[in-house]
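> Okay, predicted coordinates and the sequence, questions at the end:
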Amino acid sequence: MNVKPLIMDHPLIQHKISLLRDKNTGAKEFRELTSEIAMLMCYEATRDLPLKEVEIETPIAVAKTKVISGRKMAFVPILRAGLGMVEGVLNLVPAAKVGHIGLYRDPETLKPVEYYCKLPVDIEEREVIVIDPMLATGGSAVDAINLIKAKGVKNIKFMCIIAAPEGLEALTTAHPDVPVYIAALDEKLDDHCYIMPGLGDAGDRIFGTR
Ligand code: PRP
Ligand code: URA
């Protein structure tokens, strides 16, 4: 299966991404925007959650209506920058569990290095959405999904704010079964594998470390 990536070009998302890209946007606003965009994206990424019919007594009569049929979810941010999306997605799905995968790109090799992995004990029973604002070479996303698949998870989605074509190609080749949700597909990677035009280093901008 090769699922076509969904590019979420809703005007509210596009507007917020423009603010996010601006080099004059400070850490506080950057964090707020990242969280808001994550919430808007999550609305679309959860569109296929199954529903079941229930009967609810309104003050007037009994209504046949629908509720989410109990599919359990987990969000897995890739540390650090993925943390910036957690609050936004939990606003929409407060009952979801949160796992963490720590990966950083080695500045020399540009390959992801794993330094942390803590996932919910019942992760294999859950629908998992991996979140990270940036998909550059795709190495971090591919490795994170490898780790999650190794725990037996069948139902995985990947959600990022900005992707480079190179990363998207790498991810969909390695994991053709994983639906990908993107808010903006940029032009290319630069010589240091930063996304162009991108927004710079997402982790540094969220946490104010540079
Ligand atoms: C960034 C970003 C992704 C990764 C994308 O994290 O948040 O995880 O780079 O690059 P890739 O697609 O080429 O793997 P980074 O490694 O800078 O770590 P940080 O979040 O701790 O700053
Ligand atoms: N990681 C980032 O934070 N930004 C990029 O452009 C590429 C990787």
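Cool, got the structure. Ligands and ions are numbered 1, 2, ... in the order given.

> can you give me the mean pLDDT across whatever helix or strand Lys157 lives in?
Assigned by DSSP states H and E, Lys157 belongs to strand 156-163. Regarding strand 156-163, the rounded mean pLDDT is 98.

> Tell me if that strand is near ligand 2.
No - on the criterion CB under 6 Å from any ligand atom, strand 156-163 is out of touch with ligand 2, staying 7.4 Å away. Placement of C-beta: from N, CA and C, glycine included.

> Using the three-state scheme, assign Val54.
Of the three states, Val54 takes strand according to DSSP: H, G, I helix; E, B strand; the rest coil.

> element containing the closest residue to it other than its chain neighbours?
Spatially, and ignoring its direct neighbours in sequence, Val54 is nearest to Val67 (5.4 Å; CB to CB, 6 or more residues apart in numbering). Element membership for Val67 (DSSP H and E) is strand 62-68.

> which residues are in contact with that strand?
Residues from elsewhere that reach strand 62-68 (CB atoms under 8 Å, 6 or more residues apart in numbering): Leu49, Pro50, Leu51, Lys52, Glu53, Val54, Glu55, Ile56, Glu57.

> pLDDT value on the residue nearest to Val54, please?
Value for Val67, per-residue pLDDT: 93.

> repeat for Arg210
83.

> can you check Cys193 too?
pLDDT at Cys193 comes out at 94.

> With Ala74 instead?
98.

> residues contacting it?
Here Ala74 is in contact with Ala96, Lys97, Val98, Gly99, Leu119, Pro120, Ile123, Arg126, Glu127, Val128, Ile129 (CB under 8 Å, 6+ apart).

> residues touching the second one, list them.
When the contact criterion is CB under 8 Å, 6+ apart, the partners of Lys97 are Lys72, Met73, Ala74, Phe75, Pro120, Ile123, Arg126.

> Take those residues and write them to JSON lines, including secondary structure and distance to ligand 1.
Formatted as JSON lines, the contacts of Lys97 follow (DSSP: H, G, I helix; E, B strand; the rest coil; distance: CB to the nearest ligand atom, whole Å):
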{"residue": "Lys72", "secondary structure": "coil", "distance to ligand 1": "25"}
{"residue": "Met73", "secondary structure": "strand", "distance to ligand 1": "21"}
{"residue": "Ala74", "secondary structure": "strand", "distance to ligand 1": "18"}
{"residue": "Phe75", "secondary structure": "strand", "distance to ligand 1": "15"}
{"residue": "Pro120", "secondary structure": "coil", "distance to ligand 1": "20"}
{"residue": "Ile123", "secondary structure": "helix", "distance to ligand 1": "20"}
{"residue": "Arg126", "secondary structure": "coil", "distance to ligand 1": "21"}
